[in-house]
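Peer 1: predicted model, plus sequence, below.
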Amino acid sequence: MSNVNPLTDLSSSNLVIVAGKGGVGKTTVTAVLARAAADAGQRVLVIELDGKPALASLVPDLDVRSISAADSLEEYLIEHGFKRTAKRLTSSGVIDMVGTAAPGIDDLVVLGKIKQLERSGMWDLIVVDGPAAGHAITFLTSASGLLDAVRSGPVRDQAQDVLDMLSDPLRCQVLLVTLPEVTPVNELIETSIAVRERAAVHLGSIVVNQVDTGPPLPEPDDVDFGRAKVQVDDAMSAAAFRRTHRAVETAQIARLTAEVDLPQIHLSARPVAGLSPDDVAALAEEL
């Protein structure tokens, strides 16, 4: 279910960064969006950031790459003539500490690598399984922060290039993901406000994941179960639970619509455990 054409919305940018509270299904949404775009004939690259390698199993026929801060920093140093230094830092483990010593640099080098891939022209769409909402703000503002802190040199140049990409809606958009539940919706509302106030990025559609899109539920009192009472009681309890759950979902989606002026994409509920490429393909067909 959707009140926007998702593929048209996606194809308006070269890069889509998927972000949201942990546990809302960012990886699933990333796979579904990539699957839908690929099925529409686009050349798609999927990127996961320092996460578990789940995406390759969900879209096994697509180009999936993992980008880490340490590898990106090593590559950055090598490209700028510090090959020996980069190798020593990597072998000693010091390179993993650079992000702590220079806040924002780890996010910047990751975004720099993504920028390099985006500018290559090899793909029509790059979909990034981005950081959880708490990290998303610092991730998206790292370039502007370093631009203010560094007056000259390659780090400033990299920060400017990344900021140019993030701030151009033809090149980049951020999709926020939520569940139709109170806490995830609260966090998405807060994240959308923070992104708009602090990050120079374009917010695309909101993806509401795991929505109960089944057929209308009958009134339990109107159903003739024709079975033993214990079975009827169990069925009535299950029906009451699902009706209550749907009411909560409807209320939270309405609240989200009222408080965040962005189009929504709704993906139907499916078992999270054991999600398969076929499940991803079925969800992609909903778009």
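Peer 2: Everything's here; your move.
Peer 1: relative to Ala36, how far out is Ala282?
Peer 2: 11 Å (C-beta to C-beta, to the nearest Å). Where C-beta positions appear, they are placed from N, C-alpha and C, glycine not excepted.
Peer 1: so between these two, which is more surrounded?
Peer 2: Ala36 (22 against 14; other C-beta atoms under 10 Å).
Peer 1: quick check: closest non-adjacent residue to that one.
Peer 2: Ala284 (3.9 Å; C-beta to C-beta, 6 or more residues apart in numbering).
Peer 1: one more: Thr183?
Peer 2: Lys21 (7.7 Å).
Peer 1: ok, the one you found - contacts?
Peer 2: 132-133, 177-178, 183-184, 187-188, 191 (C-beta atoms under 8 Å, 6 or more residues apart in numbering).
Peer 1: top of those residues by number of neighbours, please.
Peer 2: For these, neighbours tallied by other C-beta under 10 Å; top is Thr178, 29 neighbours.
Peer 1: and the contacts of Lys21, which of them are in helices?
Peer 2: 133, 183-184, 187-188, 191 (DSSP state H).
Peer 1: which of those sits closest to Leu166?
Peer 2: Thr191 (15.7 Å; C-beta to C-beta).
Peer 1: still on that earlier bit, just the contacts of Lys21: which has the poorest pLDDT?
Peer 2: Note: of the contacts of Lys21, the lowest pLDDT belongs to Ala133, at 73.
Peer 1: now that Ala19 has come up, it's in contact with Ile137, right?
Peer 2: No. Ala19 is not in contact with Ile137 according to C-beta atoms under 8 Å; the separation is 9.1 Å.
Peer 1: spatially, which two of the ones in helices among the contacts of Lys21 are the most separated?
Peer 2: Thr183 and Thr191 (12.4 Å).
Peer 1: SS state for Val46?
Peer 2: When classified by DSSP: H, G, I helix; E, B strand; the rest coil, Val46 comes out as strand.
Peer 1: wait, isn't it in contact with Val127?
Peer 2: Yes. At 5.4 Å, Val46 counts as touching Val127 under the criterion of C-beta under 8 Å.
Peer 1: what touches both of these two?
Peer 2: With C-beta under 8 Å, 6+ apart, Val46 and Val127 have common neighbours 30, 34.
Peer 1: between those two, which one's more packed in?
Peer 2: Val127 (31 against 27).
Peer 1: distance of Ile193 relative to Ser120?
Peer 2: Relative to Ser120, and taking C-beta to C-beta, Ile193 is found at 34 Å.
Peer 1: typo on my end, Val155
Peer 2: 22 Å.
Peer 1: of these two, give the one with the bigger neighbour count.
Peer 2: Val155 (21 against 10).
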